[in-house]
Structures are given as C-alpha cells and as structure tokens.
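A.B. asks: for reference, the sequence and a predicted model appear below.
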Amino acid sequence: MARHLLKNLEEIKKVLKGRRPSLFLDYDGTLIPAGGGPEDSGRATALLEKLSKKYPVAIVSGRRLSNLVRDVGVAGVASAGTHGFEVFHEDFSMVFDTGKMAKARLGILKKKFEEISARYPWSQVEDKGLAITVHYGWMDRTKIPALRADIKEAAREPVSEGVIRLRNSKMALEVQPAVDWDKGRAVLWMLDRPFFKCTLPIYIGDDQSDKYACKALKGRSITVYVGCIVEEACFYLKEQAEVLAFLDFLAA
Ligand SMILES: [Mg+2]
C-alpha cells in the first residue's frame, strides 16, 4: 500500500544515500496545478532550473513536444511529449514510429472528431500529430457521457482492428496509435541514455498515463502518484502543492 511521501522523508534520505537520483516529472497537475496560470509556470520553471543543476531531470507530459519545449523548456532538462511518443534533450532525441496505418487513421479520425466536437460547445479536439486528445473539461458536465460515446463510436473500427486505442485522461480522451509504447516505455528508454545512466529515478505524476510509468519503474525507482493512493506507485502525495514541497526538499 502506497505511503505518504512527505511522512517518509527519512526513509527517502536513506534510500538516496550514496545514490544519484534523477527526476521524471509530469507537468500539468504535478509541477503546476491543473489549469495553472503564468505565475505557476514561472514557479515551476524556477524550480526546474534549480533542480537541473543538481540532478538529471525530464518532464514527461501529455502535451505535444513542441508545446512543451516552448512553454516549459529549461536548458538541460529532457522533455518527453505526447505521453512519451517524442523525446528531446540536447544530447538525445526520439520520435516513436507509430506506423503509416495509425497516422492515416488518425487523420481520418481528426475530421470525424471535429464534426462531433462542433455539436458539443466547449469541447476541443487537439491534434498532437502523433495522437489526438479530445478535451471536455470546460464542457457542460451533463453532456460529457454523450460526447464520449460519440467519440468511441467514431473510433470503433480502428480500435477493433487494433490500430488505434482510447485512453482516459483527466477530463479528456486520448486517441493514440495502439503500439507498445507509453510514458513508462519512454522513461525506460531515457534511463538507458548516458545522461540518466546509473541514476535512481524518482517519478511523480497525477494522470492515468503516469500509472503506466509507475508500473514500468516498479522495483527500481521511487514512484509517486499525486491525488490518491494507487497500486502502481510506492508513495502518494495528496495534492499538487505537496509536490512542490517535496521538490523544494530535493533542491535544498
Ligand atoms: Mg498530469
């Protein structure tokens, strides 16, 4: 059963003794509050600059890589975007080859989703290139189940063919190529780069996709889930503010 991270800092200190930690951090809901503003981003950037002077750091986000680098880019910090499908660092980079079939299907689905979205005020279709996210956090809550059902129906064929998969995210549906790749695989790939080699990874995230990363890292890292206790992570933090408290402790 996951334990509260801040109540077990003595144990963390012991585990880290003589080891070099690396940090893998989700962004939205982890480094900044969900729907956070420029003030939150500024604080996160300052903290990342401080942390990156001491440790190898990666941001592992659902945001598209280009947006992540533009909005969060801190020199020396690795960025993994679109749930790990694309990675950039000064010394290494990677774009997962999702295959022609998935790309073609996503192109068709994008048009279908946009038609559906037009019927649901405040829904939004975000084309991330390698994947699509249908956001509904701003929508009338009572209409969300109908939107989700329409999206699932539109994607039924490529999903049943095993080309596309749908994954739940916070107030969004992620429409991705059905490939053996996710945040977890991306983090394992990064851990093999010399930049992260021989470090003890600390992973912190708050989304469904972060559970895959926690699962992939189980037994070889300190995994932390934000918001609730989940079986995939060793530790939990109650809220985003506690993440900053822990990172301040590491930066000190
Ligand atoms: Mg998140």
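C.D. replies: That came in fine, so what should we check first?
A.B. asks: next one, pLDDT for the closest residue to the ion within the stretch 1-150 of the chain please.
C.D. replies: Residue nearest to the ion within the stretch 1-150 of the chain: Gly29 (3.5 Å; Cβ to the ion). In this view, the C-beta of every residue, glycine as well, is placed from N, C-alpha and C. Listed pLDDT for Gly29 reads 95.
A.B. asks: what's the local residue count around it?
C.D. replies: For Gly29, the count of nearby residues is 22 (other Cβ atoms under 10 Å).
A.B. asks: for it, what are its contacts?
C.D. replies: Gly29 sits next to Lys170, Asp206, Asp207, Val226, Gly227, Gln240 when contact means Cβ atoms under 8 Å, 6 or more residues apart in numbering.
A.B. asks: and the strands in the stretch 101-250 of the chain?
C.D. replies: Counting by DSSP state E, counting those that start in this stretch, the stretch 101-250 of the chain has these strands, from start to end: 124-127, 132-135, 164-169, 172-177, 200-205, 222-226, 235-237.
A.B. asks: out of the contacts of Gly29, flag the one nearest to Ile116.
C.D. replies: Each of these was scored against Ile116 by Cβ to Cβ, and Lys170 proved nearest at 20.0 Å.
A.B. asks: so that closest one touches Ala34, yeah?
C.D. replies: Yes. Using Cβ atoms under 8 Å, Lys170 makes contact with Ala34 at a distance of 6.7 Å.
A.B. asks: okay, and the common contacts of those two?
C.D. replies: Residues touching both Lys170 and Ala34 (Cβ under 8 Å, 6+ apart) are Asp28.
A.B. asks: could I get the pLDDT score of the closest residue to the ion within the stretch 101-250 of the chain?
C.D. replies: Going by Cβ to the ion, the ion is nearest to Asp207 of the stretch 101-250 of the chain, at 4.0 Å. Note for Asp207: predicted pLDDT of 93.
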